[in-house]
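> mind folding the following:
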Amino acid sequence: MAGNAMQAVVKYEKGPLRTELREVPIPQIGPSDVLVKVEAVGICGSDPHIHKETFAFAVSIPIILGHEFSGVIVEAGKEVKGFREGDRVTSETHAAYCGRCALCRTGNYQVCKERKGFGFHVDGAFAEYVRVPEMSLHRLPDTVSFVTGALTEPLCVAYNAVVEKTRVRPGDAVAVIGPGPIGILCVEIARLSGANPVVAIGVSADAQRLELASAMGATHCINSDADDPVAAVMQITSGAGVDAVIDAAGAGETLRQSMQMVAPGGTITKVGWGPEPVGYSIDPIIHKAVTLKGSFSHSWPMWERCIKLMSRGQVHPESLVTHTLPLSEWEKGFELIESRRGLKVVLVPGKA
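Predicted structure coming up:
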């Protein structure tokens with residue numbers, strides 16, 4: 001590496017829009033860390049929220065943003081055994097966790113109380129280089145591009161929601177509300193799991209996203225601005241309702257719709273965030289004997305499975321990418337996401 005400084009997108013102080021591209025020191029690694037040269041990093045919907053300070057969770061400031069990334073190891077600490085310089089890698093979003101509590105010991109470290117995430121509590125990957133502990137690394141096969149590898153994280157979020165939490169089985173009827181990146185990937189994983197029908201639900205502004213959802217496995221697409229989504233789902237299922245609803249939108253109204261369209265004994269899995277109070281009774285969950293679950297993040301086995309799925313061409317998260325931009329155009333990337341003109345935007349630090 002030439003020099004000891006790099007470019008990075010830094011949320012440098014509290015307050016809206018207090019984010020800029022800065023020259024900062026290249027991270028120093030510890031004995032169990034590696035230094036990764038970032039080749040691609042995805043913009044998550046949470047990143048513009050942090051930039052504008054409209055997020056509903058604690059963030060350490062100052063902080064380098066970015067948590068969906070892939071790259072090449074350029075330096076490895078003396079205690080690193082499973083990886084070496086030159087390895088192509090992607091990383092989980094968990095930069096630290098205690099490793100001692102019952103959650104960590106049972107493989108649920110993603111909900112450890114001491115968990116710290118890249119781009120939220122530890123410097124992330126909107127940068128030329130990022131420090132990563134060995135425990136967070138996964139090897140990226142040569143058959144998986146860096147851009148695709150940067151989408152491993154949202155794919156794992158979808159895998160967790162559909163496979164691990166909802167346990168979709170062949171023949172299940174599934175509805176996915178919210179055709180953003182996570183919702184569309186939930187559609188693809190539901191299709192891969194054998195669900196039929198798979199119903200994708202969005203609004204008028206989601207027209208192109210619903211088209212992509214159809215291409216990636218949705219058997220039916222519903223515009224809830226034009227049609228009552230509950231009535232449409234009931235018609236599709238001959239009045240039975242769906243076995244599972246994946247709420248990837250998160251708003252109070254979508255949870256209400258979920259309770260109405262799910263079949264008795266079915267499952268509602270909420271993966272979309274919605275901090276506002278719902279303002280209505282959730283007694284239909286009791287009346288229908290429905291299971292309501294929250295799905296957050298992912299764990300090591302899910303990453304390994306999703307990397308295999310990508311390497312074998314069974315899933316295609318790269319289909320979501322609408323723009324690749326240099327790191328210097330991070331603001332344009334945020335605007336594309338917020339205006340919905342971009343579905344998935346990937347920053348490439350080495351791109352001119």
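
> what sits closest to Leu309 if chain neighbours are left out?
Val315 (4.6 Å; Cβ to Cβ, 6 or more residues apart in numbering). For the C-beta atoms, the positions are set from N, CA and C on the backbone; glycine is no exception.

> okay, now the one you found: neighbour count?
24 (other Cβ atoms under 10 Å).

> over to Ala56?
10.

> cool, and Gly86?
Gly86 - counted by other Cβ under 10 Å - has 9 other residues nearby.

> ok, it - contacts?
Val72, Ile73 (Cβ atoms under 8 Å, 6 or more residues apart in numbering).

> assign it to helix, strand or coil.
coil (DSSP: H, G, I helix; E, B strand; the rest coil).

> surely Val41 and Asp47 touch.
No: the pair Val41 / Asp47 is not scored as a contact, 9.8 Å apart, by Cβ atoms under 8 Å.

> when those two are compared, which one has more neighbours?
With neighbours defined as other Cβ under 10 Å, Val41 and Asp47 compare such that Val41 has more, 33 against 27.

> and the helices in the stretch 251-352 of the chain, which stretches?
Secondary structure of the stretch 251-352 of the chain (DSSP state H, counting those that start in this stretch): helices at 252-261, 284-287, 300-311, 330-338.

> dump those into TSV; add mean pLDDT, mean neighbour count and distance to Arg105 as well.
TSV is the format used below for the helices of the stretch 251-352 of the chain (pLDDT from 0 to 100; neighbours: other Cβ atoms under 10 Å; distance: least, Cβ to Cβ, whole Å):
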stretch	mean pLDDT	mean neighbour count	distance to Arg105
helix 252-261	96	21	33
helix 284-287	97	12	31
helix 300-311	98	18	13
helix 330-338	97	19	37
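
> neighbours of Ala289, how many?
9.

> that one contacts Pro264, doesn't it?
Yes: applying Cβ under 8 Å, one finds Ala289 in contact with Pro264, separated by 6.1 Å.

> pull up the overlap in contacts between Val41 and Asp47.
Gly66, Phe126.

> care to break this structure down by domain?
5-150+316-348, 157-294 (automatic domain parsing).

> and the shortest one, end to end?
In this case it means domain 157-294. One end of domain 157-294 sits 12 Å from the other (Cα to Cα, to the nearest Å).

> repeat for the longest one
Distance across domain 5-150+316-348, first residue to last, is 18 Å (Cα to Cα).

> now that domain, how far from the chain's geometric center?
Offset of domain 5-150+316-348 from its chain centre (Cα atoms, centre = their mean, to the nearest Å): 12 Å.

> host element of the residue most central in space within the chain?
Residue closest to the mean C-alpha point of the chain, counted by Cα atoms, centre = their mean, is Pro154 at 2.8 Å. Assigned by DSSP states H and E, Pro154 falls within helix 152-159.

> any regions of the stretch 1-150 of the chain where pLDDT drops low?
Within the stretch 1-150 of the chain, the segments meeting pLDDT under 70 span 1-2.

> that concludes my questions; thank you for your assistance.
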